[in-house]
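1. sequence isn't available, so here's the structure alone:
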Ligand code: ACM
Ligand code: ZN
């Protein structure tokens, strides 16, 4: 990096490839770390001066240009709201930059900046944004917003509006920079969706992939089929609660117009042939069996799908799409296509007749037939089809674009066969995943172009998307999952890879948080702030506890008495040992403030600690809970079934015999189980306790049952406790009965069910 020199006259602008400013440079009065643009522009030059926006400043546009005028008004509104000014947009002279003017102009812009590129020059007396197209002017304004003080984003009064003098030339790497919002699983208000459009635009993202139909809810009014929303928008739980909501066509028009004014294209997703139970609850005649169905309350992949053998299904879907096309000007229309089980098609007369009549090989080709037929309809209306990567199975529709989510293989296959692709792999781009699984660094390392592609094939990668699925995320939790990861995604999709550097991005992000604060974004942590790791020594019956920080500048505090960790709790300074029943709670602190969630681990001391266990059926190698001592290691599991603390049995019952090594007076036996039915994990139907002196002849003590509904979808932990009057025993046997297979109502009906157990505690 070049050293920075003061003043234009001496050194003109200094070129900065990245935004790390050396503090020793003589920078005059401007603190250069204030320049924390995200996404990072292609080229930035900077001088030590600034331009002050005052009540006399004008915003000028090309005479009579309506779009430029709207963009100018957008900027004026921001400034006026924050500073109490009355800036107005005036027609300017494109050839001249007048004093005290912010000019937005389409004239004399470099064509190579493309549809969305721009140049921004800020001098001490004026600022100019030049772009070949209005979208570029809009992005220039977004950059200008980030050069102004953060207060510009709030209605907090700001006394001084100074813009550092810069010369920026900028354009995006990818034309498709998107985010999926799943309003099917959880409904989001119109205002919330508009707010996200604003947040996307602010980060120079330009696609909102609006997931509008799901098994659990149909969210878009279709005039020809009113039951889609009368019935399909509402799901009813067993306890009588009803959940739902939908957007009227007027709502949609309003949101689409709002998005257009922010250069965001809304790509609607109307799912087919799977994920369509809500639609089929309203119109069961378009299923294979004829129904009836209820709008789903269970998350997962459901077997009821549109019948591909019924021509009526296609007429129905084409009618729906006709109304959708009238509402959404997007060239691309998403039709889902993912996760469509073929169970019903395999036994449906109509579907089988279709397979025969069309000369198809199997149900995968039937899915391909389905998508091709819909694509033909869309093409006839001058629109293009996008589907998830499953649309590759059975043969890709001729002009389809593939959205690759199960890794990047779908994108590779699409690009190699001359199709366009959008890349949004679960590994980097699923922001419904917890921050421990996909942290900020991981999200930032996202590279949309798979290295397998040739120069020519790479052109088919339109860009990428981050996906916000909402099974476990109602509206009020969305910010904390999407941010700050979306900021990383924005840079991955806009900035060129030669400028990407996590440390540098991370530094800019710390400044950017002030802007997110001003925008009212309730962002979450960058990484799991603190993890509690434990090692159990069976011989010593001791735990060694290690706390791990997710970021550099954190201090970790912990408590051992169940209290919420605070700055008066123990400061973590290194691994420590435990040998008693204790709840360890740990929390990270950043600059003296609590940062992120509290981590919690429970340790129990009991008579079976470190004792050998004999299992009649082996535990699953996928969930070992830590191995042979998992059930007597004193460590309790958490609600996360992947936490490494649960030992699992697939379809088998659990039968465990604990050898206490000598005759022991037993007063209480407790076994902990997890239920997470959405992940096919159920409580045992019964838990039986028996004791023995010799390990052969057992005396039955109790058979415990429970009344927790298997339909409860939230993860729960339950201890099966039996108290007994000091019975002497050397061996304790625990038998837990597996429900066997997922029940008929369950999305995985007939699939192998799991038992998850964490500890057998004997006192
Ligand atoms: C998906 O996540 N089922 C596209
Ligand atoms: Zn059928």
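-> That came in fine, so what should we check first? Remember, predicted model here, so these are calculated numbers, not experimental data. Ligands and ions are numbered 1, 2, ... in the order given.

2. how near is the residue nearest to the spatial centre of the chain to residue 266?
-> Residue closest to the mean C-alpha point of the chain, counted by CA atoms, centre = their mean, is residue 431 at 1.7 Å. Using CB to CB, to the nearest Å, one gets 19 Å for the distance from residue 431 to residue 266. Using the backbone N, CA and C atoms, a C-beta is placed for each residue, glycine as well.

3. now swap in residue 285 and tell me
-> Relative to residue 266, and taking CB to CB, residue 285 is found at 30 Å.

4. so for those two, which sits in the more crowded spot?
-> residue 266 (22 against 12; other CB atoms under 10 Å).

5. next, that one: secondary structure please.
-> The local conformation at residue 266, judged by DSSP: H, G, I helix; E, B strand; the rest coil, is strand.

6. give me the pLDDT for it.
-> Here the pLDDT value assigned to residue 266 is 98.

7. check residue 16 too.
-> pLDDT, residue 16: 41.

8. so where do the strands sit in the stretch 601-750 of the chain?
-> Under the criterion DSSP state E, counting those that start in this stretch, the stretch 601-750 of the chain contains strands at 613-615, 647-650, 654-675, 687-692, 699-704, 716-736.

9. distance to residue 333, mean neighbour count and mean pLDDT added to the ones you listed, as TSV?
-> Output for the strands of the stretch 601-750 of the chain, formatted as TSV (distance: least, CB to CB, whole Å; neighbours: other CB atoms under 10 Å; pLDDT from 0 to 100):
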stretch	distance to residue 333	mean neighbour count	mean pLDDT
strand 613-615	53	15	96
strand 647-650	41	21	98
strand 654-675	40	19	97
strand 687-692	52	21	97
strand 699-704	54	14	96
strand 716-736	40	17	95
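
10. columns distance to residue 237 on top of those, output as a markdown table?
-> Supplementary listing: those in a markdown table, determined by distance: least, CB to CB, whole Å:
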| stretch | distance to residue 237 |
| --- | --- |
| strand 613-615 | 38 |
| strand 647-650 | 28 |
| strand 654-675 | 17 |
| strand 687-692 | 28 |
| strand 699-704 | 27 |
| strand 716-736 | 16 |
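
11. let me see the ranges of the strands in the stretch 101-250 of the chain.
-> Using DSSP E, counting those that start in this stretch, strands in the stretch 101-250 of the chain cover 101-105, 118-123, 126-130, 161-170, 176-182, 207-211, 213-214, 217-218, 234-236, 242-244.

12. interface residues of the protein facing ligand 2?
-> Residues of the chain lying close to ligand 2 (CB under 5 Å from the ion) are 288, 307, 309, 348, 350, 351.

13. for residue 763, see how far away the third one is.
-> With distances taken as CB to CB, residue 309 is found 62 Å from residue 763.

14. ok, the two, which is more surrounded?
-> residue 309 (21 against 15).

15. helix/strand/coil for that one?
-> coil.

16. hmm, it is touching residue 354, no?
-> Yes - in this structure, residue 309 is within contact of residue 354 by CB atoms under 8 Å, at 4.1 Å.

17. may I ask you to confirm that the residue nearest to the centre of the chain is in contact with residue 473?
-> No - using CB under 8 Å, residue 431 makes no contact with residue 473, being 9.1 Å away.

18. which SSE is residue 532 in?
-> strand 530-537 (DSSP states H and E).

19. report all helices and strands that that strand contacts.
-> If you count contacts as 3 or more CB pairs under 8 Å, 6 or more residues apart in numbering; DSSP states H and E, strand 530-537 packs onto strand 542-549, strand 582-590, strand 593-603.

20. any idea which of those is most buried?
-> For the helices and strands packed on strand 530-537, average neighbour numbers computed from mean count of other CB atoms under 10 Å are highest in strand 582-590, which has a mean of 21.

21. quick check: angle from that strand to strand 593-603?
-> Counting by axes from the mean of the first three to the mean of the last three CA atoms, to 10 degrees, strand 582-590 points 160 degrees away from the direction of strand 593-603.

22. going forward can the numbers begin at 28, since that is how I track them
-> Okay, using 28 as the starting number, the last item reads as strand 609-617.

23. average pLDDT for strand 609-617?
-> Strand 609-617 comes out at a mean pLDDT of 95.

24. check contacts around the nearest residue to residue 81 once chain neighbours are set aside.
-> Excluding the flanking residues, the one nearest residue 81 by CB to CB, 6 or more residues apart in numbering is residue 127, at 7.1 Å. Applying CB atoms under 8 Å, 6 or more residues apart in numbering to residue 127 gives the contacts 81, 83, 84, 85, 152, 153.

25. so how many other residues sit close to the last one?
-> Residues lying near residue 153 (other CB under 10 Å) number 19.

26. what is the neighbour count of residue 512?
-> Residue 512 - counted by other CB under 10 Å - has 27 other residues nearby.

27. just to revisit the earlier point, so what sits against both of residue 458 and residue 500?
-> residue 508.

28. tell me which element residue 365 falls in.
-> Per DSSP H and E: nothing holds residue 365, as it lies in no helix or strand.

29. which residues does it contact?
-> Residue 365 makes contact with 301, 302, 414, 415, 416, 417, 432, according to CB under 8 Å, 6+ apart.

30. these into JSON lines, with extra columns for neighbour count and pLDDT?
-> Putting the contacts of residue 365 into JSON lines (neighbours: other CB atoms under 10 Å; pLDDT from 0 to 100) gives the following:
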{"residue": "301", "neighbour count": "23", "pLDDT": "98"}
{"residue": "302", "neighbour count": "25", "pLDDT": "98"}
{"residue": "414", "neighbour count": "27", "pLDDT": "98"}
{"residue": "415", "neighbour count": "25", "pLDDT": "98"}
{"residue": "416", "neighbour count": "24", "pLDDT": "97"}
{"residue": "417", "neighbour count": "21", "pLDDT": "96"}
{"residue": "432", "neighbour count": "23", "pLDDT": "97"}
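
31. the residues you listed also near ligand 1: which ones?
-> By CB under 6 Å from any ligand atom, the members of those lying near ligand 1 are 415, 432.

32. just the contacts of residue 365: which are in strands?
-> 414, 415 (DSSP state E).

33. out of the contacts of residue 127, who's the most crowded?
-> Most surrounded of the contacts of residue 127: other CB under 10 Å gives residue 84, at 21 neighbours.

34. so the nearest residue to residue 107 once chain neighbours are set aside versus ligand 2, what's the distance?
-> Nearest residue to residue 107, sequence neighbours excluded (CB to CB, 6+ apart): residue 114, at 5.8 Å. With distances taken as CB to the ion, to the nearest Å, residue 114 is found 62 Å from ligand 2.

35. residues contacting residue 114?
-> 80, 82, 84, 85, 86, 103, 106, 107.

36. pull the number of nearby residues for the second one.
-> A count of neighbours around residue 82, defined by other CB under 10 Å, yields 11.

37. now it: how far from ligand 2?
-> Distance of residue 82 to ligand 2, given as CB to the ion: 68 Å.

38. for that residue, give me its contacts.
-> 110, 112, 113, 114.

39. all helices for the stretch 378-527 of the chain, in order.
-> Here the stretch 378-527 of the chain has its helices, by DSSP state H, counting those that start in this stretch, at 390-407, 436-443, 453-456, 467-471, 482-485, 505-509, 512-521.

40. now render those helices as CSV, adding mean pLDDT.
-> Shown next, in CSV, are the helices of the stretch 378-527 of the chain (pLDDT from 0 to 100):
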stretch, mean pLDDT
helix 390-407, 98
helix 436-443, 98
helix 453-456, 96
helix 467-471, 97
helix 482-485, 98
helix 505-509, 97
helix 512-521, 98
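
41. which one of those helices lies nearest to residue 723?
-> helix 453-456 (49.8 Å; CB to CB).

42. anything in that closest one near ligand 1?
-> No - Helix 453-456 is not in contact with ligand 1 by CB under 6 Å from any ligand atom; minimum separation 7.1 Å.

43. which neighbouring elements make contact with that helix?
-> helix 467-471, strand 488-495.

44. same thing but at 7 Å, please
-> Applying 3 or more CB pairs under 7 Å, 6 or more residues apart in numbering; DSSP states H and E, one finds that helix 453-456 makes contact with strand 488-495.
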